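1. here is the input, now give the coordinates:
(chains A and B)
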Number of protein chains: 2
Amino acid sequence: MKAEIVSIGTEILLGEITDTNAAYLAGQLRFLGMDLQWVSQVSDNLARLVEVLRRAWQRSGLILTSGGLGPTDDDLTREAIAEMLDEKLEIAPSLEKELRSRFTQWGMTMPLSNLKQATLIPSARPINNAQGTAPGWWVERDGRILVAMPGPSRELQEMWQKEVQPRLRQYSATTILAKTFKTFGLSEAAVGELVSPLLSSENPNLGVYARADGIQLRLIARAETEKEASRIIAEGEASIRAALGEHIWGTDDDTLEMAVGRLLVEKGLSLALMEDYSGGWLTASLTDVPESARFFKGGLIAYSSEAKVALGVDGKLISTYGAVSHQVAEAMAEAAKALLRADIGIGITGIDETSRPNGVVYIGMVDGKNNQVVNRPRGKRRVTTTALVELRKSLLALG
Amino acid sequence: MKAEIVSIGTEILLGEITDTNAAYLAGQLRFLGMDLQWVSQVSDNLARLVEVLRRAWQRSGLILTSGGLGPTDDDLTREAIAEMLDEKLEIAPSLEKELRSRFTQWGMTMPLSNLKQATLIPSARPINNAQGTAPGWWVERDGRILVAMPGPSRELQEMWQKEVQPRLRQYSATTILAKTFKTFGLSEAAVGELVSPLLSSENPNLGVYARADGIQLRLIARAETEKEASRIIAEGEASIRAALGEHIWGTDDDTLEMAVGRLLVEKGLSLALMEDYSGGWLTASLTDVPESARFFKGGLIAYSSEAKVALGVDGKLISTYGAVSHQVAEAMAEAAKALLRADIGIGITGIDETSRPNGVVYIGMVDGKNNQVVNRPRGKRRVTTTALVELRKSLLALG
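-> Residues are numbered from 1 along each chain as shown, chains lettered A, B, ... in the order given. Alright, predicted model coming up:
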């Protein structure tokens, strides 16, 4: 089925926001086997919006729109669809009731302007929006489907996953499955060489991409049934794992912090941190791991020497070697480990290149047996990634 | 001048990359006073590319394209422009010479496929590309301008800044200024109603947008001189501030944490945190504020009762009231304040709705004079925002 995406919102054409909804929907349509041919962005201007929708209705079997479903005067998607199809907008009593009860629940009176979010045209059925007040529209007429979704990404993605994608699945004759493999410690070229036989295969198809947390491989299988597609993926996965082994630290939505958390839980070890330079980013990323309480004792973000001493770092080390030193990184790791009674402690101290040529960051790691300190280039986020990579290496070395 | 952007590349329509070039160019066009009316993405397909360019040529005075200037078979932008204008592609000897000398410099032989990067049509003049092998095209005919730029963002942005934007400036008779106002504590509809007279104004123009950290208003003024545009902005700002008052916490690039940091520095007060539920996100956002060391003492992320006690929370409070309680939130704030010797302490403890119906979060705030605890609904990021909003309120109340 030929598909088209129309993203609606003046803020996109003013360059205020990047249209990430289109990229999300494009990726999703691909896995439904839909043939996305056109993507366009249009401002909150009724005439232009109608023009774009009219052309889309002529040339595409499936049209997805995002944005313009809010309560204000410049939210014009409903009006434009009504005009394009020459149908009349009317308030749907059931939608109005639902909307009013939401506001009541919030202890608010519904502003009159929100009433337009309860309107429909005869060809439209509402789509539930669990995250916001704007229901989507599922419009079906003349053998065409138009799906209007709200602009905020969280609302759009939940509506897509729960409501739209399952309904669209029945229009697709092809099943496409994908699996992503995440690696660290190899260059893009090295990964490419190791999996080269798969790179020339049409189905499954394999792509190699460089990402902030390492090289990723994306395996895509296409088949008439889901079972067959799964079989193709499984075969490809076996070859990839044989070629890359331990360099693969996760798949799909895995994050490096999840991989590390999993290892800590497996080995029954707990972790505590003391951060200076990285300002809590390592702590925040680890606490984002589901059930992080099973392995994470806590993070101490000590921004001054005084704070470091209050948390158990020996003040003499700081005055002798400076706060940004190998010795203090190790002492911070030891202090966090001791104070929070963890099995492993990590300490991060550093300074940016604005204050010292090239900048310098020390990551100390102590586990009661081996202490190690690595020295890394600057960049808060990059230091966070490096600390996770080093911790993962140490955990794997424990056997 | 009516402007249009066409982004070219199959990877955009497969959802593999997000089209950030369009957002960049959109923002740039705006401040040239160009009226961007259309943005679209098209795959590396000659027929569809010609169709999109033909429509753009009919309706827009300025067309910017990105992508499709590489050396491979699927780089079709030059071919499509030539077909659209019915002009002939020919190799320009000067470009060929330049290209060959680049490869010689790199110690490489130029692949034959790169020769197409040395082609022009009669209406096109080459635009220098300091970052890559693909020159851009400046096409001028029939009172229209088409500028073709390379897809890689670094190449596109340098070409835009050095070559394209200076030339386009002479076509613009308008100065455009914008100012963003950031609010908290009001719904989108409520903000819309308070500023409704401005919403129907053409110049300045006002837009209202929902963002994660509250509702934002964007005021845009258009005038022949910068002085006149500034005057229009100042007038609009006065009305907005009169309507929204203290709900406005910042403008333009301000973040809530910057607004809070500024207040703390102004008042000469320092801050320390103890977080449980929010897992370090409040600490991480505050340490991202430039010069946060001037007001931020540190953050203690205590994930267990044991850790809270080790950091100074009275264990009896936890056993009597539970870790997720009004009392413990306040004790966490007190402990962080005492241990890190800060003027103000904040404690955040909570539990998600998965563990308890509706979930519950307590934010305690102590400053030695008034202690307060607020109870907020779940969501790590939302709790972080709420804590900043409450802190800001308290600081403002200090007078």
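2. and residue A:259, what element?
-> Assigned by DSSP states H and E, residue A:259 falls within helix A:256-267.
3. burial count for the closest residue to residue A:375 other than its chain neighbours?
-> Nearest residue to residue A:375, sequence neighbours excluded (Cβ to Cβ, 6 or more residues apart in numbering or on different chains): residue A:362, at 5.7 Å. Every C-beta, even on glycine, is put in place using the N, C-alpha and C of the backbone. As a burial measure, residue A:362 scores 25 neighbours (other Cβ atoms under 10 Å in any protein chain shown).
4. tell me what residue A:362 is bridged to.
-> residue A:349, residue A:375 (DSSP bridges).
5. who in the stretch 1-150 of chain A is up against chain B?
-> Selection of the stretch 1-150 of chain A residues close to chain B by Cβ under 8 Å from any Cβ of the partner chain yields A:10-20, A:22-30, A:36-43, A:45, A:48, A:70-74, A:108, A:111, A:113-114.
6. among these, which are located in helices?
-> A:10-13, A:20, A:22-30, A:48 (DSSP state H).
7. coming back round to it: which members of the residues of the stretch 1-150 of chain A next to chain B are classed as buried?
-> Applying 16 or more other Cβ atoms under 10 Å in any protein chain shown to the residues of the stretch 1-150 of chain A next to chain B, the neighbour count classes A:10-20, A:22-30, A:36-43, A:45, A:48, A:70-72, A:74, A:111, A:113-114 as buried.
8. elements contacting the helix or strand bottoming out on mean pLDDT in chain A?
-> One helix or strand of chain A scores below all others by mean pLDDT, DSSP states H and E: strand A:371-376, with a mean of 74. Other helices and strands packing on strand A:371-376, by 3 or more Cβ pairs under 8 Å, 6 or more residues apart in numbering or on different chains; DSSP states H and E, are helix A:326-339, strand A:360-366, helix A:380-397.
9. quick one, that strand and strand A:360-366 angle?
-> 160 degrees (axes from the mean of the first three to the mean of the last three Cα atoms, to 10 degrees).
10. so what touches strand A:371-376?
-> A:326, A:329-330, A:333, A:350, A:360-365, A:382-383, A:386, A:390, A:394 (Cβ atoms under 8 Å, 6 or more residues apart in numbering or on different chains).
11. again, 6 Å this time
-> By Cβ atoms under 6 Å, 6 or more residues apart in numbering or on different chains, the residues outside strand A:371-376 that reach it are A:326, A:329-330, A:361-365, A:383, A:386, A:390.
12. grab the nearest non-local neighbour of residue A:43.
-> Ranked by Cβ to Cβ, 6+ apart and with sequence neighbours excluded, the top spatial neighbour of residue A:43 is residue A:10, at 4.2 Å.
13. residue B:206 versus that neighbour, what's the distance?
-> Shown here: residue A:10 relative to residue B:206, a distance of 11 Å by Cβ to Cβ, to the nearest Å.
14. surely the residue nearest to residue A:375 and residue A:349 touch.
-> Yes - counting by Cβ atoms under 6 Å, residue A:349 is a contact partner of residue A:362 at 5.5 Å.
15. what touches both of those two?
-> Joint contacts of residue A:362 and residue A:349 (Cβ under 6 Å, 6+ apart) are residue A:329.
16. what number of residues lie near residue A:224?
-> Around residue A:224 sit 10 other residues, with neighbours defined as other Cβ under 10 Å.
17. pLDDT score for it?
-> As predicted, residue A:224 sits at a pLDDT of 87.
18. can you pull the phi/psi pair for it?
-> Main-chain dihedrals, residue A:224, degrees, to the nearest 10: phi -80, psi -30.
19. how close does it get to residue A:172?
-> Distance from residue A:224 to residue A:172, by Cβ to Cβ: 11 Å.
20. ok, residue A:72 next?
-> 36 Å.
21. same thing with residue A:204?
-> 18 Å.
22. how long is stretch A:300-317 from one end to the other?
-> Using Cα to Cα, to the nearest Å, the end-to-end distance of stretch A:300-317 comes to 18 Å.
23. how far does that stretch sit from its chain's centre?
-> Relative to its chain's centre, stretch A:300-317 lies at 35 Å (Cα atoms, centre = their mean, to the nearest Å).
24. stretch A:51-65 too?
-> So, by Cα atoms, centre = their mean, the centroid of stretch A:51-65 is 29 Å from its chain's centroid.
25. same check, this time on stretch A:260-278
-> Worked out by Cα atoms, centre = their mean, stretch A:260-278 lies 22 Å from the chain centre.
26. next, see if that stretch gets close to chain B.
-> No - using Cβ under 6 Å from any Cβ of the partner chain, stretch A:260-278 never reaches chain B; the gap is at least 8.0 Å.
27. the closest residue to chain B within the stretch 51-200 of chain A: what's it in contact with?
-> Residue nearest to chain B within the stretch 51-200 of chain A (Cβ to the nearest Cβ): residue A:111, separated by 4.0 Å. Residues in contact with residue A:111 (Cβ under 6 Å, 6+ apart) are residue B:189.
28. distance of it relative to residue A:134?
-> Note on residue A:111: its distance to residue A:134, by Cβ to Cβ, is 14 Å.
29. what do the two both touch?
-> Between them, residue A:111 and residue A:134 share no contacting residue, judged by Cβ under 6 Å, 6+ apart.
30. what segments of the stretch 51-200 of chain A are helices?
-> If DSSP state H, counting those that start in this stretch is used as the criterion, the helices of the stretch 51-200 of chain A fall at A:77-85, A:93-105, A:153-159, A:165-169, A:188-194, A:196-199.
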